[in-house]
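Q: need coordinates for the following:
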Amino acid sequence: MEHTLQEDLIGKYLSGGLNAGEEGELMAWVEASAQNREVFEEMVQLWSLSETSPETEFLVNLPKAWAALDSRIDLGETTLVAEPAVSTAKPALQVHPQAKVRSLNWAWSAAAAVALLAVAAWWVFMRDTTPETLAFSTPDNQSRSITLPDQSQIKLNENSTLSYTYDGETRKVVLSGEAFFDVEKDPKHPFVIETGEVQTRVVGTSFNIRAYPDEAKVKVSVKTGRVEVQKRKEALQKEALPLVLSPGNSAIYESDSETLEKAQDVATEDVDSWQQGTIVFPFGTALAEVIPAVEKFYNVQINADEAILDKTMAGARFSRSMKIQDALNIITESVSGKLTVEGDVFVISRGDQ
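A: Presented below is the predicted three-dimensional model:
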């Protein structure tokens, strides 16, 4: 089966294998038309459904369906029934074709009909047992405001995707990218956000999550209320207690080391500073965290000497109105480095070179 370039790019996007150039190409295609965006969001929905499919195994009894079909072809009956191999309370799916027309390749027609019935029965089963999924996405340099059915408010930052499902008990979000959440309080129905290997659980509060796949980390910062953060596998196996974050607290999960720890506190007014077109780095922020954030904020490429990535900044605040050269001068001086430009790439190296 051949795939279009867009399908390949969407597949790589969902699996986290898209580079910056490919992501720009994909988002340009998504924004080219309403139809393109609809196709993209439908594929995001299907990806989310694959992670939230019901645990009940659904099998169509193909031998029984084949025998029934064969006898009906011979007898000239017009009603076909596909029966699930598991017991359900739902009525069997019925298909009423036109009167039988015999052909030399009736066996192939029968096989196709059985396959069609199997797919149709599976679709009905999934439709009735899978919660509705809402999917959203944003391109480069564009954010999006979202109101969920429970009236929770979300602001989705650029180059991000988000899906939402509600199964009657838990309000679940899957996020790739960055978003600020203002969750409607509902103690009976927890609100859970999954970002890679990290799970964030709340009842009603406001907080920010940054989880871009290329940054290899997840950062959760709380503005109001209380948030519980832990590794997804620990949440499933109940191996450890979650980190509990209060207003101003942050936690960072490092994908490389698979560690989740409390991070430096941040002023509550800066938790969602990106919504005001500002990016803030508190005192002690490592250069390794600063560079990818500045690259996205200004849409530029920055290379840095690995020897200085662990150096920390004295604290900085940048707005989109500030020139990138001025912002990088501040960053470079803060880590005692040297800034050069090679074509379209900014390079930060050790100051003693």
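Q: show me what stretch 143-150 is in contact with.
A: Residues external to stretch 143-150 that are found in contact with it (CB atoms under 8 Å, 6 or more residues apart in numbering): 134, 136, 138, 153-158, 162, 164, 166, 171, 184, 186, 189, 275. Placement of C-beta: from N, CA and C, glycine included.
Q: try it again at 10 Å.
A: Identification of contacts with stretch 143-150 by CB atoms under 10 Å, 6 or more residues apart in numbering yields 132, 134, 136-138, 152-160, 162, 164, 166, 171, 173, 178-181, 183-186, 189, 191, 204, 274-275, 277.
Q: which of the residues you listed count as buried?
A: Taking 16 or more other CB atoms under 10 Å as the criterion, what is buried in the contacts of stretch 143-150 is 134, 136-138, 152, 154-160, 162, 164, 166, 171, 173, 178-181, 183-184, 191, 204, 274.
Q: sorry, back to before: now intersect the contacts of stretch 143-150 with the helices, please.
A: Counting by DSSP state H, no part of the contacts of stretch 143-150 is found in helices.
Q: which stretches of the chain form helices?
A: Counting by DSSP H, the helices of the chain are 5-14, 20-32, 34-51, 62-75, 106-129, 232-237, 287-298, 324-334.
Q: so which bits of the last one are buried?
A: Using 16+ other CB under 10 Å as the burial criterion, the residues of helix 324-334 that qualify are 324, 327-328, 331-332, 334.
Q: ok, residue 220 - contacts?
A: 193, 195, 198, 200, 207-211, 227-229, 243, 245, 249-253, 260, 263, 271.
Q: what pLDDT does it get?
A: Here the pLDDT value assigned to residue 220 is 97.
Q: quick one: it and residue 339, what's the gap?
A: Distance of residue 220 to residue 339, given as CB to CB, to the nearest Å: 31 Å.
Q: longest strand in the chain, by number of residues?
A: strand 171-182 (DSSP state E).
Q: partner strands of it, with direction?
A: strand 153-156 (antiparallel), strand 161-166 (antiparallel), strand 191-195 (parallel), strand 206-211 (antiparallel) (DSSP bridges).
Q: nearest to residue 293, out of those strands?
A: strand 206-211 (8.0 Å; CB to CB).
Q: what angle do helix 287-298 and that closest one make with each other?
A: 100 degrees (axes from the mean of the first three to the mean of the last three CA atoms, to 10 degrees).
Q: chain center to strand 206-211, what's the gap?
A: In terms of CA atoms, centre = their mean, to the nearest Å, the centre of strand 206-211 is found 13 Å from the chain centre.
Q: residue 280: what's it in contact with?
A: So residue 280 contacts 266-267, 269-271, 273-274, 293, 315-319 (CB under 10 Å, 6+ apart).
Q: okay, the strands paired with strand 171-182 in JSON lines with mean pLDDT and distance to residue 299 next?
A: Output for the strands paired with strand 171-182, formatted as JSON lines (pLDDT from 0 to 100; distance: least, CB to CB, whole Å):
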{"stretch": "strand 153-156", "mean pLDDT": "96", "distance to residue 299": "18"}
{"stretch": "strand 161-166", "mean pLDDT": "93", "distance to residue 299": "18"}
{"stretch": "strand 191-195", "mean pLDDT": "95", "distance to residue 299": "23"}
{"stretch": "strand 206-211", "mean pLDDT": "96", "distance to residue 299": "17"}
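Q: may I see those strands organised as TSV, with distance to residue 283 added?
A: What follows is the strands paired with strand 171-182, written out as TSV (distance: least, CB to CB, whole Å):
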stretch	distance to residue 283
strand 153-156	26
strand 161-166	31
strand 191-195	26
strand 206-211	19
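Q: out of those strands, which gets nearest to residue 285?
A: Closest among the strands paired with strand 171-182, once you apply CB to CB, is strand 206-211, at 12.7 Å.
Q: what about residue 314, neighbour count?
A: When neighbours are counted by other CB atoms under 10 Å, residue 314 registers 13.
Q: hmm, it is touching residue 290, no?
A: No - applying CB atoms under 10 Å, one finds residue 314 not in contact with residue 290, separated by 11.6 Å.
Q: residues contacting the closest residue to residue 40 other than its chain neighbours?
A: Using CB to CB, 6 or more residues apart in numbering and skipping the chain neighbours, the partner closest in space to residue 40 is residue 30 (4.8 Å). Neighbouring residues of residue 30 by CB under 10 Å, 6+ apart: 6, 9-10, 13, 36-41, 137-139.
Q: same thing but at 8 Å, please
A: So residue 30 contacts 36-37, 40, 137, 139 (CB under 8 Å, 6+ apart).
Q: pLDDT weak spots in this structure?
A: Scanning the chain for pLDDT under 70 picks out 1-7, 15, 20-21, 24, 28, 32, 45-131, 238-239, 353.
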